[in-house]
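Undergrad: have a look; sequence and predicted model below, questions after that.
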Amino acid sequence: MRLVLAVAALLAASSTASAFVPSNNVPLAARSKAAAPLRMAEGGSSVSGPPYSGPASKPILDSIDSPDNMNDLSISELKQLSHELRWEVLESVSKTGGHLSSSLGVVELTVALHHVFDMPEDDIVWDVSHQCYPHKMLTGRRHRFSGLRKLNGLSGFCKRKESEYDSFGAGHSTTSISAVQGMSIGKSMLNKRRNNCIAVIGDGAITGGMAYEAMNSAGYLKNRMIVVLNDNGQVSLPTGTQTAGGVIPASQLSAYTSNLLVSKPFQDFRDFAKSFNKLLPGNIQDVNKRVDEYARGIVSGGTLFEELGFYYVGPLDGHDLDNLVPILEKLRDSPSNKPVLLHIKTNKGQGYPPAEQASDKMHGVGKFDLGTGVQVKGKSVAPSLTSIFANSLIDQATEDRTIVGITAAMPGGTGMDIFGRRFPKRTFDVGIAEQHAVTMAGGMACEGLKPFCAIYSTFLQRGYDQVLHDVAIQNLPVRFMLDRAGLVGNDGPTHHGCYDLAYLGCVPNLTIMSPSDEIELKNMVATCAAFDDGPTVLRYPRGTGYGAEKLQSLFGYDLENDEVPAKGEILPIGKGRIVRRPGGMKLNGSANSRGKERKDRVAILSFGTRLHEALVAANEVEESDPTLGVTVADARFMKPLDVDLVRELADDHSAIVIVEEGSIGGFGDHVLHFLALDGLLDDGKLKVRPMVIPDRYIEAGTQHEQYEMCGLNAEHIKGTVLRLSERKVAPVLQEQEA
């Protein structure tokens, strides 16, 4: 309770503290703009504005094969290395795409850390690790960046099996402090010669509760460790989305650290040295106490981090190597076991004006023109499923004032930025706090609101207990919108939404649905809005809609004026549909010459957007065999399962192929469970084959490559149907190695 009261008091005090900015304390933004690398005109004079270009050669970077090569570099050489490294990141990512601005913002920090500390004996853990590109380039992987985030290429995140310099793997946020504390304890208990463990965490990631669990524990146990708080003002993606909290970063903690930045001048090494005695033995502290009080008195008064047991250092200019390097050296050589929090201020996208000026700071980019920053965008015939969801929710919210939207620091990725522009007061960004988002949604539902909790499938894993304990047990009508369900492509195994059907399918009271196309997505948003009898889950993958032409030619829709309906319709809960009969979309049983006998009929039961591949496979199978008939059904719902539809398919067909974009333990297992309990497998006349994502982690690549690896494209479905029908010998398709 005392800790909670202390935190509350400090946060309250920070919001009213007066600014103290010495006249000689030039704002970081002004300094960084002046220092930003610009293209060079003839004669060496700098020219602002595009086209932007980097150095013609990179002699210092070319000499770095490992961090050991950086040990003897001077500060001026480290600055030149930072310049070369920043442009190496820019040039590489412009050709491959990836996480750009977060890496640009930590170039100087990365150089300083690898100069001062001795990896891999010392441990540096990058929270989330999307900012790890400079780190990878300095640790022997520069030559592999042409394969960044590609199949069999370089991961976009830290990965222990990729390099001994990746101390801890990541992809999700707020894990670094816990990991570093465990490493520090391990080094201490095993009497290792050195115990330098550093966590680098951003002001977005530190909004997650796990960070405070770790800091509370580290301060209590007095574990030797350094936490570098990289404060760049970018809490959400993008920061600045219109929400109930305004357009400021979605975190009172961000307001608190920002207040520290404006109320305290940047420390230089001399200021730091005056207060460093707090890390020294007690008798020396007493001698230096008066000096320490003088040095810190007017601008301190205790911070939240000090109350948690950390020695607070900062704020520092995270791009100023003149001060950053000696301070890190002093912390490295300290004999103290007290944990340290080093607070630095950086600019996301530092040194590249297009990134500095973009609303999302060019956080995640595709290929782009290095001279202008303009990204190469592929043409799409239909909008993204994310935007379709957001606009469908706006349609529902226009007619229902109780609908609200919730996101956990991902307004851009979930479409809540679109919803927020229309309904800012009904949009809630809680920061990187999925557990809180889920339970807060439950509280809203208690009062009669209709919360739509929009979270990536992979991130809802972090709020699993809250889904079960706070929402499902109480049967509260919270609507969970799971974007990026299934395989996500280049971000790889940490971001795949493969497991939600398995981990949610076992929870009572949940209604779980998945659309096969954009029309079904609109229908299901409307269905969730209308359903108040319990919690609902709507999962949909990364990708786009199909467009009116394909919806009619392949899916069999009869669209008025050849246009996709503007609004969705409410679906009956737990009811699927037959999309294709043997012989094609329009044929009925009497007009069809295919599949006259049960042994000649095979059914494909699809759940989600693999319906497209199922329909393609059905057409190709029938083209290859004039007597074989293939039925394709869209389950729509996993819970409640349409048992009447399953019985119909089992009775009328000799084989059922179940297709889903999920892991083992998901939709296919639910269907098999029902078939077994209902006795439909007892006579041995029904063959069933579930097609799921294999029981292993799927590495980065394009989505198509990943579907190939998992055996979930039309070719694989066709091969499975042909083998089950015994019409011809078909080769057993092998999964590709990751």
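TA: Received it, and whenever you're ready, just let me know what you need.
Undergrad: quick one: residue 619 is in a strand?
TA: No - applying DSSP: H, G, I helix; E, B strand; the rest coil, one finds residue 619 to be helix, outside a strand.
Undergrad: burial count for it?
TA: 18 (other C-beta atoms under 10 Å). The C-beta positions use only the backbone N, C-alpha and C, and glycine is treated the same way.
Undergrad: before we move on, what about residue 68?
TA: Each residue near residue 68 was counted by other C-beta under 10 Å, and the total is 11.
Undergrad: next: residue 221.
TA: Count around residue 221 with other C-beta under 10 Å applied: 13.
Undergrad: next one: the one 3 residues further on
TA: The burial metric for residue 224, expressed as a neighbour count using other C-beta under 10 Å, is 21.
Undergrad: all strands of the stretch 1-150 of the chain, in order?
TA: 39-40, 46-47, 98-99, 123-126 (DSSP state E, counting those that start in this stretch).
Undergrad: one more: the stretch 351-500 of the chain?
TA: Using DSSP E, counting those that start in this stretch, strands in the stretch 351-500 of the chain cover 364-365, 403-407, 427-429, 450-456, 479-483.
Undergrad: other residues contacting the following helix or strand past the last one?
TA: Sequence order places helix 500-505 as the next helix or strand after strand 479-483, per DSSP states H and E. For helix 500-505, contacts defined as C-beta atoms under 8 Å, 6 or more residues apart in numbering pick out 457, 460-461, 464, 467, 482, 485, 510, 512, 537, 539, 638-639, 660, 662-667, 669-670.
Undergrad: what residue ranges in the stretch 301-450 of the chain score low on pLDDT?
TA: 301-302, 359, 380-381 (pLDDT under 70).
Undergrad: switch to 50 and redo it
TA: Counting by pLDDT under 50, the stretch 301-450 of the chain contains low-confidence ranges at 301-302.
Undergrad: can you put the strands of the stretch 351-500 of the chain in JSON lines and add distance to residue 687?
TA: What follows is those, written out as JSON lines (distance: least, C-beta to C-beta, whole Å):
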{"stretch": "strand 364-365", "distance to residue 687": "44"}
{"stretch": "strand 403-407", "distance to residue 687": "44"}
{"stretch": "strand 427-429", "distance to residue 687": "49"}
{"stretch": "strand 450-456", "distance to residue 687": "36"}
{"stretch": "strand 479-483", "distance to residue 687": "32"}
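Undergrad: figure out which of those is closest to residue 173.
TA: strand 450-456 (11.8 Å; C-beta to C-beta).
Undergrad: partner strands of that closest one and their direction?
TA: Applying DSSP bridges, strand 450-456 is found paired with strand 403-407 (parallel), strand 479-483 (parallel).
Undergrad: pLDDT on the longest helix anywhere in the chain, on average?
TA: The single longest helix within the chain, with elements called by DSSP state H, is helix 75-96. Helix 75-96 comes out with an average pLDDT of 96.
Undergrad: ditto for stretch 497-516
TA: Average pLDDT, stretch 497-516: 97.
Undergrad: just the buried positions in that stretch, please.
TA: For stretch 497-516, the neighbour count (16 or more other C-beta atoms under 10 Å) marks 497-505, 507, 510-516 as buried.
Undergrad: picking up where we left off before, among the contacts of helix 500-505, name the ones in helices.
TA: Going by DSSP H, the helices hold 457, 460, 464, 667, 669, 670 from these.
Undergrad: check whether the last one really touches residue 640, as I assumed.
TA: Right, the one you point to is residue 670. No - using C-beta atoms under 8 Å, residue 670 is not in contact with residue 640, being 10.0 Å away.
Undergrad: these two: who's more crowded?
TA: Neighbour comparison, residue 670 and residue 640: the larger count goes to residue 670, with 23 against 12 (by other C-beta under 10 Å).
Undergrad: now do the contacts for the more buried one.
TA: When contacts are taken as C-beta under 8 Å, 6+ apart, residue 670 is in contact with 505, 638, 639, 641.
Undergrad: which regions of the stretch 151-300 of the chain sit below the pLDDT cut-off?
TA: 262, 281, 283-300.
Undergrad: if you set the cut-off to 90 instead, what comes out?
TA: 151, 171, 173, 193-194, 203-209, 219-222, 231-300 (pLDDT under 90).
Undergrad: can you give me the strands in it?
TA: Here the stretch 151-300 of the chain has its strands, by DSSP E, counting those that start in this stretch, at 197-202, 226-231.
Undergrad: the first one to strand 226-231, inter-axis angle?
TA: The one in question is strand 197-202. 10 degrees (axes from the mean of the first three to the mean of the last three C-alpha atoms, to 10 degrees).
Undergrad: give the buried residues for strand 197-202.
TA: 197, 198, 199, 200, 201, 202.
Undergrad: which member of the contacts of residue 670 is positioned nearest residue 50?
TA: With C-beta to C-beta as the yardstick, the closest approach to residue 50 among those comes from residue 638, at 50.4 Å.
Undergrad: show me what contacts the residue nearest to that closest one when sequence neighbours are not counted?
TA: Computed as C-beta to C-beta, 6 or more residues apart in numbering, the closest residue to residue 638 that is not its neighbour in sequence is residue 512, at 4.4 Å. Residues near residue 512 by C-beta under 8 Å, 6+ apart: 501, 504, 505, 536, 537, 539, 637, 638, 639.
Undergrad: from the contacts of helix 500-505, which would you call buried?
TA: 457, 460-461, 464, 467, 482, 485, 510, 512, 537, 539, 638-639, 660, 662-663, 665-667, 669-670.
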